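The following comprises the amino acid sequence and a computationally predicted model.
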Amino acid sequence: MTGPRLRHTLAQLPAYAAGRPPRGESDLPPYKLSSNENPHEPLPGVLAAITAAASATNRYPDPMSTDLVAALAKRHDVPSSHIALGTGSVGLLQQVVQITAGPGDEVLFAWRSFEAYPIMTIIAGATAVQVPLRADESHDLDAMADAITDRTRLIFVCTPNNPTGAIVRQDDLDRFLDRVPDDVLVVVDEAYVEFVRDDAAVRGIDTYRDRPNVAVLRTFSKAYGLAGIRVGFAIAHPPVALALRQTQVPFGVSTIAQAAAIASLDAEAALLERVAHLVSERDRVEAAMFDQGWRLPASQANFVWLRLGDRIDEFVEACEEVNLSVRRYGDDGVRVTIGEVTANDRFLGVVGAYAPATHR
Ligand SMILES: *Cc1c(COP(=O)(O)O)cnc(C)c1O
């Protein structure tokens with residue numbers, strides 16, 4: 001028996017290894033530092049909006065998410081026609097590939113970067129072109145520009161980059177965009193932009209304004225703490241934004257998600273205070289690791305990235321022994337999310353023993 005004939009391209013898919021919860025082998029309270037989630041539960045006002053929206057669950061949601069689109073347009077000072085919503089920005093990532101690339105087309109991005117990029121590219125039957133990061137973990141935009149061919153249809157630029165935390169600088173992006181043909185869509189994935197404190201970093205929404213081939217992706221999952229509810233948005237010029245709305249799963253963004261996102265925009269000041277606290281925790285962790293002998297490129301996101309060479313197994317095991325789950329990327333490295341103060345302290349207690357010997 002051979003079963004139904006499925007598309008050949010699916011055989012190339014890497015397994016998406018989502019962050020695992022801690023295994024719970026020790027008596028210590030477990031912490032999940034493997035998915036870049038926000039450690040804070042929703043604010044009371046956001047939770048109230050979610051609860052109120054739940055009572056309308058017998059109805060389909062507003063398919064145009066009219067109120068949320070209007071709120072986002074106001075918040076970011078862009079026309080409503082420039083906004084498209086998705087089931088998380090991962091939903092939009094799939095849509096941007098769908099609207100630009102199919103078999104024979106190339107999708108270009110740095111590597112390592114977000115693992116959804118190759119997955120969405122392969123699902124569409126397009127070809128992934130991966131350009132290695134530079135030694136400082138940042139995008140090699142010159143090499144990426146050199147890698148553009150007449151088959152390139154889409155380019156992802158992830159800043160800060162997941163999993164390395166490095167930003168793309170605005171001046172570097174501007175020079176890169178000057179080399180990209182007008183008919184190639186460049187998607188600036190700013191999933192962690194609220195955690196950025198470096199003034200030289202890309203400002204995606206400023207960049208898109210005078211460049212019709214640039215789109216920006218944002219999400220409510222990370223800084224706003226709504227990962228479980230699946231809502232993200234794109235800001236793009238009308239032909240691109242329209243195509244994204246056309247390819248959205250109908251009714252994908254639920255009434256609950258729309259209400260939670262609107263309530264989060266209303267409570268933005270309080271949410272950004274929490275982000276500021278996470279940023280100060282990130283800076284504290286990085287400073288403590290520096291004292292331990294680590295010399296890491298600065299992360300501008302809510303995680304740190306460790307290249308551990310042949311000690312990677314041992315490190316992951318040591319974290320699991322104290323009930324911390326971290327995210328391993330094959331033999332390349334480990335990404336550790338900045339979480340609760342206690343979790344960060346526990347991580348610091350483990351990671352010191354793995355500081356590169358040359359610096360100690
Ligand atoms: C987490 C993440 C996203 C999106 O997450 P959603 O929950 O789907 O909004 C997008 N891009 C990057 C780089 C991410 O790390």
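Looks like it arrived, so ask away. Residues are numbered from 1 along each chain as shown.

could you measure Ala288 against Leu324, distance?
Using C-beta to C-beta, to the nearest Å, Ala288 is found at 16 Å from Leu324. C-beta: built from backbone N, CA, C; applies to glycine.

Ala135 too?
For Ala135, the distance to Leu324 - C-beta to C-beta - is 28 Å.

Who has more neighbours out of the two?
Ranked by neighbour count (other C-beta atoms under 10 Å), Ala135 and Leu324 place Leu324 first, with 26 against 8.

And the helices in the stretch 251-360 of the chain?
255-266, 268-292, 312-321, 341-351 (DSSP state H, counting those that start in this stretch).

in the second one, what's buried?
It refers to helix 268-292. Under the neighbour-count criterion of 16 or more other C-beta atoms under 10 Å, helix 268-292 has Leu271, Arg274, Val275, Leu278, Val279, Glu281, Arg282, Val285, Glu286, Ala288, Met289, Gln292 buried.

Tell me the pLDDT of the second one.
Looking back up the chat, that one is Arg274. We note a pLDDT of 98 for Arg274 in this prediction.

Need the three-state assignment for the residue nearest to it when sequence neighbours are not counted.
Nearest residue to Arg274, sequence neighbours excluded (C-beta to C-beta, 6 or more residues apart in numbering): His40, at 5.3 Å. Look at His40: counting by DSSP: H, G, I helix; E, B strand; the rest coil, its state is coil.

ditto for the one 5 residues further on
At Gly45, secondary structure determined by three-state DSSP is helix.

show me what contacts it?
Ala263, Asp266, Ala267 (C-beta atoms under 8 Å, 6 or more residues apart in numbering).

Looking at those, which one is closest to the ligand?
Checking the contacts of Gly45 against the ligand with C-beta to the nearest ligand atom, the nearest one is Ala263 at 17.2 Å.

and the closest one, how many neighbours does it have?
Neighbours of Ala263 (other C-beta under 10 Å): 22.

Double-check it against Ala52; I have them as touching.
No. Using C-beta atoms under 8 Å, Ala263 makes no contact with Ala52, being 9.3 Å away.

With Tyr192 as the reference, measure out to the residue nearest to Arg274.
Counting by C-beta to C-beta, the gap from His40 to Tyr192 is 16 Å.

quick one, which of those two is more surrounded?
Using other C-beta under 10 Å, the more surrounded residue of His40 and Tyr192 is Tyr192, with 25 against 14.

Name the nearest residue to that one, ignoring sequence neighbours.
According to C-beta to C-beta, 6+ apart, the nearest residue to Tyr192 is Ala301 (3.8 Å).

Now the protein against the ligand: closest residue?
For the chain, C-beta to the nearest ligand atom, closest residue to the ligand: Gly88, 2.4 Å.

mind listing what that residue touches?
Counted by C-beta under 8 Å, 6+ apart, Gly88 has contacts Thr219, Ser221, Ala227, Arg230, Val231, Gly232.
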